[in-house]
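S.K.: Quick one: sequence plus predicted model below, questions after.
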Amino acid sequence: MGLLRALLVTTISFLLLSPFIKTLFNKIEKPVIIIAQDNSTSILLNKDSSYYKKEYIESIDQFQKELEKDFEVKRFVFGDEVEENKEIDFTRKVTNISKVFDEINNKFDNRNVGALILASDGIFNRGANPTFNMFSANYPVYTIALGDTTTPKDIILKEVRCNKITFLGNQFPIEIEVTAKQLKGEKTRLTVSNSGKKLMIKDYDITSDNFSINEKLLLDANKVGVQRYRIELTEVKGEISTINNDRDVYIEVLDGRQHILILGKAPHPDIKALKLSIESNENYEVTSHFYDEFDGNLAPYSLLIVHQLPSDFSSFIKKIREKNISVLYVLGAQTDVKKWNGINAGLSISSSRNKYDFVSPENKKEFPLFTLKESTQKTINSWPPLLAPFGDYQLSQNSYSLLHQKIGNVITEKPLMVFFQNQSNKSAVLTGEGIWKWRMQDFMKNNNHDAFNELVNKTVQFLSVKEDKSKFRIITKTIFLENEEVVLNAELYNDSYELINDPDITLELIDEDKNKYSFVFNKTTNAYLLNAGILPAGFYHYTAKAKLGTKDYVERGKFQINSILLEANSTTANHQLMQNIATKYDGEMIYPEELKTLLEKLKNNDNIVPVIYEEKDLKELINLKWIFFLFLFLLSIEWYLRKRNGAY
């Protein structure tokens, strides 16, 4: 018993010194084999379509099962997006091969990837050429060449180019491009019609195996609303597919576009940047003048953009307010701050002493007047600084800040872009100049101006649209693509113009064949949302109904879903591209019947081996559970012996 007590005390004393125990163990990671399968419709647009629907899918499934015996296998399908463990059904309308490399690079960085197997026909219609991708890998890329490289008989309505919007009384152009392959000696007829009325009929003799047709026609916009124009080519005997022989285009005919005036104090690149972004929306027409050249006629304009106030602007401001014209003010180094404070625009700047700060934009997420895409919000926060007046900023109560000023890494409460709304008009103030740099930065980072255009156009739309006083509103896009989900938002207001969502809202959707679909909106925090999913291409009318108290509300509208026929425009497999990809990444191109050969090559590749990781685990000895049970055992033995011997 003395020995047991000594062992117990010694162990406890040792643990009071907080000893650590280090454990080493090995972790084995199998090589990862990635299979990326082209899931686009072009795979089936050849004479072997039945093989790809059944036998090929079975063989690739079996190939995966054999691989899983020795490797960790990850399978993806791709079209316009890259999806993991999805069914192969060859239904995607777009092919973006370069996106496969981007996704794999992001998901499998620092993993033990043994090989990438890319199965495709080599036809891509979105993204960059995959052979020029900056993808870098220390593993081979094997390609499986699908499809048929022979040129089939086919007549293709390749492109229809037209404006989405035109104006009543105008003429608008439609340009039609057709390609006929391997159909020399045949004939076809091109027809353009609207609402059953044939606007053009023309016959063509196909005189070569690679025959092209280019037609340009001018049509009259003589009816307001969305007009459907159908372009059709008659079927030619022996062609492989007829889904690319016709197309519908929808053109919205408007009564007129909104006019926007930009007044500048002096030449400035901001004015050009604003004009280019606003004119990217066909609903707006922009006119720009310098103050000393403007005749003062504000009647045609629904929005005025004032870039740097001149010293004699107070009388002009009075005229603007009398006509209830919305205004966007842009301040900067040429702004007289004292004169600015005198016009009572809702924002005043004190103690500026004609000094200026370089301030960066910081997006305010709680902004209630309109919503920017999440990608746009992130992009805005990376834009370069503007030059803004230094001083204390005071805002009126009816103000809504979209952007705050950030000086260095410090986010301030000073507004960089702020909006004002009252019963008579709307206005906004951008407190810094230099937004042309935002437009350039957007293009440098994203290869487009989408984020900058969205910020400018959402601002212009809010300011130029007269307030809708209706108590029931349906908010949705007018044009969707056939691979997009159709999403509609609804708002319902009570007599105090407060958003509510107590009553149910129903919606009836009618397609061109008079088929009816019924939906019920889901309720959000204080509004409504309906996701109708992916619908077939065509033109749809909807009727939404709500009942508030004893009053019934009805809202009607329409939208169109455009077909995506990119896959049908090219049906000849590009196996040279697949060979180039395999060569670039030290792999090999094979055909579907050679999957067993590829399986053996992967198993016998000495570079595709498991990786053993040695991991260290350092923890205090006192945290080990067996220590507790050791103490319990020693105390129990001593207690038992003392009880047995009659010594308590």
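M.R.: Good, I have the coordinates.

S.K.: For the longest helix anywhere in the chain, enumerate the helices and strands it packs against.
M.R.: Ranked by residue count and defined by DSSP state H, the top helix of the chain is helix 625-645. Helices and strands touching helix 625-645, by 3 or more Cβ pairs under 8 Å, 6 or more residues apart in numbering; DSSP states H and E, are helix 2-15. From N, CA and C alone the C-beta is placed, and that goes for glycine too.

S.K.: How are the helices of the stretch 1-150 of the chain distributed by residue range?
M.R.: Ranges of helices within the stretch 1-150 of the chain are 2-15, 49-53, 55-67, 97-107, based on DSSP state H, counting those that start in this stretch.

S.K.: what about those helices, which gets the closest to residue 88?
M.R.: Relative to residue 88, the nearest member of these by Cβ to Cβ is helix 55-67, separated by 5.3 Å.

S.K.: who's in contact with that closest one?
M.R.: Defining contact as Cβ atoms under 8 Å, 6 or more residues apart in numbering, one finds that helix 55-67 is touched by 33, 35, 37, 73, 75, 88, 119, 146, 592, 595, 598-599, 602.

S.K.: Likewise for stretch 125-132?
M.R.: 80, 94-101, 124, 566-567, 569-570, 577, 580-581, 584.

S.K.: Check stretch 106-114 too.
M.R.: Here stretch 106-114 makes contact (Cβ under 8 Å, 6+ apart) with 29-34, 71, 74, 137, 139, 602, 605, 607-608, 610-611.

S.K.: Can you tell me the closest non-neighbouring residue to residue 141?
M.R.: Distances taken as Cβ to Cβ, 6 or more residues apart in numbering place residue 585 nearest to residue 141, at 3.6 Å, with adjacent residues excluded.

S.K.: Show me the one of the helices of the stretch 1-150 of the chain that comes nearest residue 154.
M.R.: Nearest of these to residue 154, taken as Cβ to Cβ: helix 49-53 at 13.8 Å.

S.K.: which strands and helices sit next to that closest one?
M.R.: Where contact means 3+ Cβ pairs under 8 Å, 6+ apart, helix 49-53 is not packed against any helix or strand.

S.K.: Give me the buried positions along it.
M.R.: For helix 49-53, burial by neighbour count (16 or more other Cβ atoms under 10 Å) applies to residue 52.

S.K.: Likewise for stretch 622-629?
M.R.: For stretch 622-629, the buried set under the neighbour-count rule, 16+ other Cβ under 10 Å, comprises residue 622.

S.K.: likewise stretch 405-422?
M.R.: Residues of stretch 405-422 classed as buried by neighbour count (16+ other Cβ under 10 Å): 405-406, 414-421.

S.K.: Determine which two of these are furthest apart.
M.R.: Maximum pairwise distance among these (Cβ to Cβ): 24.9 Å, between 406 and 421.

S.K.: Give me the domain ranges for this protein.
M.R.: 2-19+619-645, 31-149+572-609, 154-252, 258-464, 472-562 (automatic domain parsing).

S.K.: can you give me the end-to-end distance of stretch 371-382?
M.R.: With Cα to Cα, to the nearest Å as the measure, stretch 371-382 spans 18 Å from end to end.

S.K.: Tell me how many other residues surround residue 55.
M.R.: When neighbours are defined as other Cβ atoms under 10 Å, residue 55 has 13 of them.

S.K.: Could you check the pLDDT of it?
M.R.: For residue 55, the model assigns a pLDDT of 93.

S.K.: go on, residue 646?
M.R.: The per-residue pLDDT reported for residue 646 equals 69.

S.K.: Next: residue 278.
M.R.: Value listed for residue 278 in the pLDDT field: 92.

S.K.: what about it, which helix or strand?
M.R.: In the assignment (DSSP states H and E), residue 278 maps to helix 269-279.

S.K.: picking that back up, which ones among the contacts of stretch 125-132 lie within strands?
M.R.: Of those, none are assigned to strands by DSSP state E.

S.K.: and of the domains of the chain, who's closest to residue 25?
M.R.: Across those, residue 25 has its closest neighbour in domain 2-19+619-645 (13.1 Å, Cβ to Cβ).

S.K.: ok now that closest one, how far from the chain's centre?
M.R.: Distance of domain 2-19+619-645 from its chain centroid, counting by Cα atoms, centre = their mean, to the nearest Å, is 64 Å.

S.K.: Setting aside sequence neighbours, what's the nearest residue to residue 30?
M.R.: residue 72 (4.5 Å).

S.K.: got the buried residues for the helix or strand encompassing residue 546?
M.R.: Using DSSP H and E, residue 546 sits within strand 538-548. Under the neighbour-count criterion of 16+ other Cβ under 10 Å, strand 538-548 has 538-540, 542, 544-546, 548 buried.

S.K.: For the stretch 51-200 of the chain, which residues score under the pLDDT cut-off?
M.R.: Residue ranges of the stretch 51-200 of the chain with pLDDT under 70: 134.

S.K.: Can you report how many residues neighbour the residue nearest to residue 609 when sequence neighbours are not counted?
M.R.: Spatial nearest neighbour of residue 609, chain neighbours left out: residue 31 (6.6 Å); criterion: Cβ to Cβ, 6+ apart. For residue 31, the number of neighbouring residues by other Cβ under 10 Å comes to 22.

S.K.: What pLDDT does the model give residue 256?
M.R.: With respect to pLDDT, residue 256 scores 68.

S.K.: Hmm, I typed the wrong one, I wanted residue 422.
M.R.: On the pLDDT scale, residue 422 is placed at 75.

S.K.: And residue 311, by the same measure?
M.R.: 69.

S.K.: Using CSV, write out the CA atom coordinates for the longest helix of the chain.
M.R.: Presented in CSV, the C-alpha positions along helix 625-645 are these (Å, rounded to 0.1, in the frame of the first residue of the first chain):
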residue,chain,number,x,y,z
LYS,A,625,-7.9,9.9,-20.4
TRP,A,626,-5.9,6.8,-19.4
ILE,A,627,-4.2,9.0,-16.7
PHE,A,628,-7.5,9.4,-15.0
PHE,A,629,-8.2,5.7,-15.0
LEU,A,630,-4.7,5.0,-13.7
PHE,A,631,-5.4,7.2,-10.7
LEU,A,632,-8.7,5.6,-10.2
PHE,A,633,-7.1,2.1,-10.3
LEU,A,634,-4.4,3.0,-7.8
LEU,A,635,-6.9,4.5,-5.3
SER,A,636,-9.3,1.6,-5.8
ILE,A,637,-6.6,-1.0,-5.0
GLU,A,638,-5.5,0.9,-1.9
TRP,A,639,-9.1,1.2,-0.7
TYR,A,640,-9.8,-2.5,-1.3
LEU,A,641,-6.6,-3.6,0.5
ARG,A,642,-7.3,-1.3,3.5
LYS,A,643,-10.9,-2.6,3.7
ARG,A,644,-9.8,-6.2,3.4
ASN,A,645,-7.3,-5.8,6.2
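
S.K.: Ramachandran coordinates for residue 479?
M.R.: Main-chain torsions, residue 479, degrees, to the nearest 10: phi -130, psi 130.

S.K.: And the one 4 residues further on, by the same measure?
M.R.: As for residue 483, its main-chain torsions (degrees, to the nearest 10) stand at phi -100, psi 10.

S.K.: what about the nearest residue to it once chain neighbours are set aside, how many neighbours?
M.R.: In space, and not counting its chain neighbours, residue 483 is closest to residue 93: 5.3 Å by Cβ to Cβ, 6+ apart. When neighbours are counted by other Cβ under 10 Å, residue 93 registers 20.

S.K.: and residue 93, how far is that from residue 177?
M.R.: 19 Å (Cβ to Cβ, to the nearest Å).
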